[in-house]
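> Mind folding the following:
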Amino acid sequence: MWPFNHLPRAELKRKYGFEPSDSWLAHLRRSSLRVGGGCSGSFVSSSGLTLTNHHCAQECLSRLSTPQHDYTQKLFYAKTAAEERVCPGYEILQLSEISDVTARLQKATHGLAGEAFHTAMRAESARIEKECAQAVGIKCDVVSLYHGGLYELYQYHRYEDVRLVFAPEAEIAFFGGDPDNFNFPRYDLDLTFLRAYEQGRPVQTSDYLSFAHVGLKANDITFVSGNPGSTSRLLTIAQFEYLRDHQLFEALLGLARYRGFLTEYGKRDPEAKRVSSSELFWVENVFKAIRGEQQALSDKAFFEGLRARERDLRSRVAADPVLKSKYGGAWAAIEKAQARQAELAKEYSWIEGSDSRPSRVISPFLVWARQLVRAAEERPKKNEDRLEEYADAQLPSLEQRLFAQGPIKIQFEIAKLAYDLGVLREDLGVDHPFVEKVLGKSSPLELATALIKGSSLQSVAGRKRLFAGGKAAIAASKDRMIQLALAIEPDARAIRARVEEEIEPVITKNAELIAHARFDVYGMNSYPDATGSPRLSFGTVRGWRENGKLNSAFTKLGGAFERATGRDPFALPRTWTEKEERLDKETPFNFVTDNDITGGNSGSPVVNREGEFVGLVFDGNIHSLGGAFGFDMAQNRMVAVDARAIVQALDKVYGADRIALELTGSAELAAPSTKP
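As a prediction, the model looks like this:
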């Protein structure tokens, strides 16, 4: 997962006999995109046509859905430009520039500790991002690499008008469902076509990926360009232990309970199943991923390998008096901070950390209320004095999410909030002051009903009025959700302040020291942990050996029909069964490579050495779940949709001539060879 400006070209040339040129890299970087709330994608035509995963477009599809047409489940194809549907609150980011700001941030925080360190870091980052994002349509992020060993500024071109062009049925986008998830062989057409618009017109660009004329075969070199979300390979043992014994355990417990709630809710009636299906899909996917991470850290041999790696670095530091004086105390400081984090984690998660654990259910009403309350408080401040998510460089994205239009399922939201309030009472206890403040004498269902029915925040116009009205409008509001957000805001800010004084700056500052210790001992010969920023991975098409058997690198279209049972989750959509005879069943469908990826790479393009589009990343195999903490090239595999299957499906199944014309310049898709 190499940053584009730190690619080890000499290693590429030595290992694969290929060294990409500056123009090759620049074209791929500009053609690659960050899509929606944390996925990847790519331009695949000169008119802003964007290809990503179906599961990456779930938020768009859900917001467009109605009881009459569920876009999360059914086929959508805009046969004309006029039929393309706006995705509410959706954005596409295209990386344009990278610059090193390490010296500036280290100068701003030099000699500081605790809250002063955190405040200086936040203020200087806000200044840098504001200076960068002067023009409309520009977004800037300061990115920490190597856990503070390097800081870089990423400038993006931001497209906020994104429209839905094509999405297949969920039956084929997620064929095999949860049983097949993170497994292989797979037979999924997990894709969605979107389009970026600017000033009401499709984006015109020369930076897009052409579909390859020659398909992949075994051992071909492959490149994956995307936005891997987060890995934790460079953490300390104390941090790994906190993840294993606290964070991941609590997340799994919460997700398991919530999965049960959603499953039961979906049994109420067809509409209940429709409105809860997307959330259940997300929960099952995250549960399986986190379970894999937990299993990796619980493996004694694997964990001992992590210990040995830390022992080696610490012993080398301890053996050198200069290094020992600079870095020797860093590990103990982080261990102490992690112990403090374990003490505060449960309260922080409920009171402030609205998205700090994936097991937490969050009402959009409460999210809107907190954002409005905090925006009213933060926006009058100087940019560098605000909470980081309300800095000038972040406000356009926040406003787009805050004002996104979408259907609100009131009964579902009441049920979710009642569930969440019940778990709050169970986790913190009936007598906890925060529980008493929130619930009072009400039951979870009574309070949830009163809060949501006593709120008008489902109105975009209402949210805009409160945002524009600032403190006065918030103080005068009789909205029940706004009143709750105001009531709990002092508690939330208090516990956030404790974390930002006692934990975050200690970990950040000492992680920087360990990063520099690693540079001094080993050099900068490895890539940094994933941070959600653009990266490039290189590898080859190859299967893997397991239980004495070699798993093939490719599946074929015909395999989907052989695997189909006609029953969920192995039921093919009617469009496929009716067109079965038209398909070339020898066409490669899905394939695996040994590229290093993680969550966030969903929707990433796979390209060949010519820089042509050959596949679409949508998953990893079961061994990839431990990839958060280490990469095993022998077993970890990325799973992608083959470009040849995309061509076949658009042409033979869906008759999507308009997309065909954009992808190839011809309404008749010229499919490459079907032989892998």
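
> quick one: buried residues of stretch 268-282?
A272, K273, R274, V275, S276, S277, S278, E279, L280, F281, W282 (16 or more other CB atoms under 10 Å). Bear in mind the C-beta positions are built from the backbone N, C-alpha and C, glycine included.

> tell me the secondary structure for R401?
The local conformation at R401, judged by DSSP: H, G, I helix; E, B strand; the rest coil, is helix.

> my guess is it contacts G89, does it?
Yes: using CB atoms under 8 Å, R401 is in contact with G89, at 5.0 Å.

> which one of those two has more residues nearby?
G89 (21 against 18; other CB atoms under 10 Å).

> Please work out how many residues are found near the nearest residue to the more buried one once chain neighbours are set aside.
Distance criterion CB to CB, 6 or more residues apart in numbering; nearest residue to G89, sequence neighbours excluded, is A404 at 2.6 Å. As a burial measure, A404 scores 17 neighbours (other CB under 10 Å).

> swap in S456?
17.

> Check the one 4 residues further on too.
A total of 15 residues lie near V460 under the criterion other CB under 10 Å.

> Please determine how far it is located from P364.
Distance from V460 to P364, counting by CB to CB, to the nearest Å: 12 Å.

> Likewise for N5?
The value you get for N5 to P364, if CB to CB is used, is 38 Å.

> Give me the more crowded residue out of those two.
Ranked by neighbour count (other CB under 10 Å), N5 and P364 place P364 first, with 18 against 13.

> correct me, but that one touches P407?
No: P364 is beyond contact range of P407, at 11.1 Å (criterion: CB under 8 Å).

> what residues are up against S397?
Going by CB atoms under 8 Å, 6 or more residues apart in numbering, S397 touches E91, K139, R158.

> before we move on, what SS does the nearest residue to the last one once chain neighbours are set aside have?
The shortest distance from R158 to any non-neighbouring residue, by CB to CB, 6+ apart, is to K139 (4.5 Å). Under the three-state scheme (three-state DSSP), K139 adopts strand.

> dump the residue contacts of K139.
L93, A133, Q155, Y156, R158, A393, P396, S397.

> cool, R609 as well?
For R609, counting by CB under 8 Å, 6+ apart, the contacting residues are F18, I221, F223.

> again, only this time at 7 Å
F18, I221 (CB atoms under 7 Å, 6 or more residues apart in numbering).

> again, but for the one 3 residues further on
E612 makes contact with L209, S210, F211, A212 under the criterion CB under 7 Å, 6+ apart.

> what do you get for A296?
F302, L625, G626, F629.

> likewise N227?
So N227 contacts R34, S40, G532, S533, P534, G600 (CB under 7 Å, 6+ apart).

> Out of the residues you listed, name the two that are farthest from one another.
S40 and S533 (11.2 Å; CB to CB).

> So which of the two has more stuff around it?
Taking other CB under 10 Å, S40 and S533 do not tie; S40 has more neighbours (29 against 23).

> For the more buried one, give its distance to S144.
Taken as CB to CB, the span from S40 to S144 is 20 Å.

> pull the helix or strand with minimum mean pLDDT from this structure.
helix 657-664 (a mean of 87; mean pLDDT, DSSP states H and E).
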